[in-house]
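quick one, what's the 3D model for this:
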Amino acid sequence: LAMQDKYHGQPHGIFAADECFGGRDLNRGIELCAVVEQMYSLQHMFRVQGDPMFLDRCERMAYNALPATIDPLMWRHQYLQQSNEINALYG
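Model prediction:
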């Protein structure tokens, strides 16, 4: 995780990955599936290792990365999100 953060980490707590690792530039996207799969993996790692750091990272993603990928009613999602994407609208 430390190496992923160093070379691909984004402000919202997940690493840039849109089909492949994308680097730290804020114009690199993150897919919805990467967000939820990373959250699942962190929860599982906490269950195995017991380190609360994994849950802290998961919570950061849940409050920062996940809401940007789905609408409030969870009926629609944005396939690819970017940290600097200021004009994304649903509908």
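
where exactly do the helices run in the protein?
The residue ranges that make up the helices of the chain, judged by DSSP state H, are 2-8, 32-49, 53-64.

out of these, which comes closest to D71?
Minimum separation from D71 across those (C-beta to C-beta) falls at helix 32-49, 11.5 Å. In short, each C-beta sits where N, CA and C put it, glycine included.

can you point out the buried residues in that closest one?
Within helix 32-49, the residues that count as buried by 16 or more other C-beta atoms under 10 Å are 32, 34-36, 38-39, 42, 45-46.

and the residues you listed as JSON lines, adding distance to Q82 and pLDDT?
Putting the buried residues of helix 32-49 into JSON lines (distance: C-beta to C-beta, whole Å; pLDDT from 0 to 100) gives the following:
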{"residue": "L32", "distance to Q82": "13", "pLDDT": "84"}
{"residue": "A34", "distance to Q82": "13", "pLDDT": "83"}
{"residue": "V35", "distance to Q82": "13", "pLDDT": "86"}
{"residue": "V36", "distance to Q82": "17", "pLDDT": "88"}
{"residue": "Q38", "distance to Q82": "17", "pLDDT": "89"}
{"residue": "M39", "distance to Q82": "19", "pLDDT": "92"}
{"residue": "L42", "distance to Q82": "22", "pLDDT": "93"}
{"residue": "M45", "distance to Q82": "26", "pLDDT": "94"}
{"residue": "F46", "distance to Q82": "28", "pLDDT": "97"}
